[in-house]
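Participant: Have a look; sequence and predicted model below, questions after that.
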Amino acid sequence: MLDSMAFVFVLVVIALGFDFLNGFHDSANSISTVVSTRVLSPKHAVIWAAFFNFAAVFFVGTEVAHTVGKGIIHLDIVDNLVILSALGGAIIWNIVTWYYGLPSSSSHALIGGLIGAAVSKAGTSTLVWSGITKTTIFIIVSPAIGMALGFTFMVLAMNLSRHSNMAKSDKLFRKLQLVSAAVYSLGHGMNDAQKTMGIIAMALFSKGLIGDTFYIPVWVIIACYTVISLGTMFGGWRIVKTMGTKITKLQPIGGFSAETAAACSIIGATVAGIPVSTTHTITGAIVGVGATKRLSAVRWGVAGNIIWAWLLTIPISAIISAIIYFSVGFCLK
């Protein structure tokens, strides 16, 4: 059954399920700052974020999808069981971290799943180390860039508004935060929807359904942007609380600075074809904004728990994926 063409359809459905869960899990990243500053209600915030998640389809190509689809593991070892195991590992880890309110990375869960399944089938020689190294480096780099830009934008915003009274400044940044939230959601859609595109294209390519050259079909692009937007609309409210209030207390000026900083980092990485964690980036940006007040304004205990979730995501999702691979393979013997 796993080798049948019909099962490829099942894998596409499961991949879109992951895409939906990605949007659901990461919706907090898009809306937490704009909700915590009370610029938008949660209901309007998710609609705003979902719209711009989908709008990203008109602004970017498929470089990230190609990195995920052929830059993590070698395509010649890919089969339906490898893809099923990779998706299973990513989905299970996403559900666990959602349940505990931890903003982990759906992107790294998927990459960990691919690594675990590929190594289970054919050993470490199946891994594309250049792509894995680039992605792993950005586990540290993306939140660091987000933190530095968050700090910088917050300092600039405070200096530019230093001659304005509090009420006038607050009113201005509440309006600007609508723009920054939109741009951040645009960046989130650009980067995260492409990861599922890469997996679906990998499944299709392994069965020869898209020819001899790896590419991302248009219907896959539209489907992935649509589904991740729907996931965002349903929202992951457990994580909203962590992102929006537990790390540091945000005002509209801080929300604007954090979203703008994260958006710049994510869009830059997307153009470069790097599958970064939008979760890591916005968290780093929020920490950077909080640090402009004083270091004690950041709840470092909460930030530390989040960092542990980041570090564990790839290895644990890889282990889960490997368990699925061996378990399903054993049952089919």
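Facilitator: Received the coordinates, thanks.
Participant: where in the stretch 1-150 of the chain is pLDDT low?
Facilitator: The stretch 1-150 of the chain contains residues with pLDDT under 70 at 1-3, 29, 102-103.
Participant: Validate this expectation: residue 24 resides in a helix.
Facilitator: Yes: judged by DSSP: H, G, I helix; E, B strand; the rest coil, residue 24 forms part of a helix.
Participant: Isn't it up against residue 227?
Facilitator: No: Residue 24 is not in contact with residue 227 according to C-beta atoms under 8 Å; the separation is 10.2 Å. To be clear about C-beta, it is placed using only N, CA and C from the backbone, and glycine gets the same treatment.
Participant: what do those two both touch?
Facilitator: Counting by C-beta atoms under 8 Å, 6 or more residues apart in numbering, residue 24 and residue 227 have no common neighbour.
Participant: pLDDT below threshold where in the stretch 151-300 of the chain?
Facilitator: In the stretch 151-300 of the chain, residues with pLDDT under 70: 235-250, 294-300.
Participant: neighbours of residue 330, just the number please.
Facilitator: 8 (other C-beta atoms under 10 Å).
Participant: how about residue 127, phi and psi?
Facilitator: Residue 127 adopts backbone torsions of phi -90, psi 140, taken as degrees, to the nearest 10.
Participant: Could you report the separation of it from residue 117?
Facilitator: Distance, residue 127 to residue 117, using C-beta to C-beta, to the nearest Å: 11 Å.
Participant: When the two are compared, which one has more neighbours?
Facilitator: With neighbours defined as other C-beta under 10 Å, residue 127 and residue 117 compare such that residue 117 has more, 31 against 18.
Participant: for the more buried one, helix, strand, or coil?
Facilitator: Using three-state DSSP, the structure places residue 117 in helix.
Participant: Can you tell me the closest non-neighbouring residue to it?
Facilitator: Leaving aside its sequence neighbours, residue 117 sits nearest to residue 85 (C-beta to C-beta, 6 or more residues apart in numbering; 3.8 Å).
Participant: so which strand or helix has the one you found?
Facilitator: In this assignment (DSSP states H and E), residue 85 forms part of helix 80-99.
Participant: Quick one: residues contacting residue 108.
Facilitator: Counting by C-beta under 8 Å, 6+ apart, residue 108 has contacts 135, 139, 277, 310, 313-314, 317.
Participant: Do you have the helices of the stretch 1-150 of the chain handy? List them.
Facilitator: 5-36, 42-55, 63-70, 80-99, 106-122, 129-160 (DSSP state H, counting those that start in this stretch).
Participant: tell me the most buried of the ones you listed?
Facilitator: Of all those, helix 106-122 has the most neighbours on average by mean count of other C-beta atoms under 10 Å, namely a mean of 27.
Participant: mind checking how far residue 80 is from residue 203?
Facilitator: From residue 80 to residue 203 the distance is 7 Å (C-beta to C-beta).
Participant: Can you pull the residues that touch both of those two?
Facilitator: Common neighbours of residue 80 and residue 203 (C-beta under 8 Å, 6+ apart) are 8, 11.
Participant: Right, I'll call it a day here.
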